[in-house]
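# no sequence for this one, just the structure:
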């Protein structure tokens, strides 16, 4: 959307959208509350001013209304046998027996140790080739810290499995946690949410080119001597000077009729996890103890399978300042489906998996831009979040058209590597 918005200022554009709404994870749904619709987000929910500078600038430019949010985290382990939250002493001791639990205090001791030592790891040679799992094992972190805190928190952030978090590159993990204030106990970033749901910013962002959006999917992108041909699912054929593939990396590769070796290698390095997502009202998919309930709630069913998809419940009342008398939840991959009568909507979202192959591919990814008039953008250029997709889209539009974004922040593309270092080999 950001690439189309900036390109539309000085170019004739056409946008193809396969889904029933434009915006991807920016997907607001109306939940009935009496005779009034209540907008609830189901994908993109929160941001902060420190880590989302371009998104903040975009919202300011478009006069998008926002309001404070809450980013508390809770874990419910082994069907609620062990629970805690980070909402202060009452949350940590939400399960009162935590006070005398050796496992709880082992976890707390290692939380303090990790938060103190991890910042020094960023950029060191020792961390360059280590995975998070390797580091935790080599430094004798407790099973309680690993299984009840750091892996659940990482899995919740990246919507992935515990196994995948063990393989996550240590340096990237630490850099993200430090930059987002997750390695300190106070003075963390203040989070915000869009008042009225993320569709409020989507409407404003797409208003200038709304009539240029075609509600049809693309099945093939072919480079020709005369331009780039786009074929749609309906059988339409359209010729363009340039094409921007604002999709997941694997989808972009699938769409290319004749991908180069470099495109196959770099785009093919990215894998995605599928996450079944429910908007519902079933409290069974929250921690057992109400005083533990937080904005993000990691729910473990006790099954000994580190490769299973996480179950994560967002408490939307807390996140979007909705009256808590009628709880609303968004749950990813519930181990048991919400009761049928509680389900409002169901979705499937995909999230990028940042293993070592993906992190290495990011170093060369920008060199694909504009080769034979095809360009790429998406959250996979950065950490997998809204700011990353926005930065990549704006940077592509600027390079393609020369039109600059109408603001300046300290580093316009700090989360996306836009350097072209060496020519790609093998094409």
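Sure thing, it's come through. The shown structure was predicted, so the numbers you read here are calculated from the model rather than taken from an experiment.

# any idea how far residue 298 is from residue 34?
As judged by CB to CB, to the nearest Å, residue 298 and residue 34 stand 32 Å apart. Every residue, glycine included, has its C-beta placed from N, CA and C.

# Compare the two (neighbour count), which wins?
residue 298 (22 against 7; other CB atoms under 10 Å).

# Report the contact partners of that one.
Listed by CB atoms under 8 Å, 6 or more residues apart in numbering, the contact partners of residue 298 are 73-76, 152-153, 155-156, 310-312.

# Kindly list the main-chain dihedrals of it?
The phi/psi pair for residue 298 (degrees, to the nearest 10) reads phi -80, psi 120.

# confidence score at it?
The model reports residue 298 with a pLDDT of 97.

# part of a helix, is residue 185?
No. Secondary structure assignment (DSSP: H, G, I helix; E, B strand; the rest coil) places residue 185 in coil, not in a helix.

# wait, it sits on residue 114?
No. Counting by CB atoms under 8 Å, residue 185 sits too far from residue 114 to count as a contact (12.0 Å).

# the more surrounded of the two?
Remark: of residue 185 and residue 114, residue 114 carries more neighbours, 22 against 10, as counted by other CB under 10 Å.

# contacting residues around the more buried one?
141, 145, 150, 183.

# now swap in residue 342 and tell me
Residues near residue 342 by CB under 8 Å, 6+ apart: 280-282.

# any idea how far it is from residue 327?
To residue 327, residue 342 is 10 Å away according to CB to CB.

# Overlap of the contact sets of those two?
residue 281.

# What's the first helix or strand after the least confident helix or strand in the chain by mean pLDDT?
Counting by mean pLDDT, DSSP states H and E, the weakest-scoring helix or strand in the chain turns out to be helix 125-128, with a mean of 62. Next helix or strand after helix 125-128 toward the C-terminus (DSSP states H and E): helix 132-138.

# who's in contact with that next one?
Helix 132-138 is contacted by residues 121, 127, 130, 145-146, 150, 154, 165-170, 173 when judged by CB under 8 Å, 6+ apart.

# Map the structural domains onto the sequence of the chain.
For the chain, automatic domain parsing gives the domain ranges 2-67+191-271+355-401, 72-187+282-337.

# Make CSV out of these and add distance to residue 417.
Supplementary listing: these in CSV, determined by distance: least, CB to CB, whole Å:
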stretch, distance to residue 417
domain 2-67+191-271+355-401, 6
domain 72-187+282-337, 12
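
# Lowest average pLDDT across those?
Among the domains of the chain, domain 72-187+282-337 scores lowest, at a mean of 91.

# Relative to residue 55, how far out is the residue nearest the centre of the chain?
The chain has residue 385 as the residue nearest its centroid, 3.8 Å off, counting by CA atoms, centre = their mean. Distance of residue 385 to residue 55, given as CB to CB: 9 Å.

# Same check on residue 273?
Using CB to CB, residue 273 is found at 23 Å from residue 55.

# likewise residue 155?
To residue 55, residue 155 is 24 Å away according to CB to CB.

# Might one say that residue 395 is in contact with residue 415?
No. Residue 395 lies out of contact with residue 415 (CB under 8 Å); the separation is 10.6 Å.

# These two: who's more crowded?
The residue with more neighbours, out of residue 395 and residue 415, is residue 395; 24 against 21, by other CB under 10 Å.

# Got phi/psi on the more buried one?
Dihedral angles (degrees, to the nearest 10) for residue 395: phi -60, psi -40.

# do the same with residue 130
When quoted as degrees, to the nearest 10, the phi and psi of residue 130 stand at phi -90, psi 150.

# Chain neighbours aside, what residue packs nearest to it?
Using CB to CB, 6 or more residues apart in numbering and skipping the chain neighbours, the partner closest in space to residue 130 is residue 170 (4.4 Å).

# residues touching that neighbour, list them.
With CB under 8 Å, 6+ apart as the criterion, the residues that contact residue 170 are 121, 127, 130-132, 134-135.

# And residue 333, how far from residue 375?
Separation of residue 333 from residue 375 (CB to CB): 33 Å.

# Sorry, wrong one. I was asking about residue 290.
49 Å.

# For these two, work out which one has more neighbours and name it.
residue 375 (24 against 10).

# so how far is the strand or helix carrying the more buried one off the chain centroid?
For residue 375, the host element (DSSP H and E) is strand 374-376. Centroid displacement of strand 374-376 relative to its chain, using CA atoms, centre = their mean, to the nearest Å, is 21 Å.

# ok, back up a step: of residue 273 and residue 55, who's got more company?
Neighbours of residue 273 and residue 55, each counted by other CB under 10 Å, are more numerous for residue 55; the result is 24 against 18.

# For stretch 321-338, buried residues please.
Neighbour counts over stretch 321-338 (16 or more other CB atoms under 10 Å) mark 322, 327-335, 338 as buried.

# Show me which of those residues is closest to residue 40.
residue 328 (5.8 Å; CB to CB).

# Tell me who's in contact with the closest one.
31, 38, 40, 279-281, 315-317, 322, 344.

# Since that was my last question, I'll sign off now.
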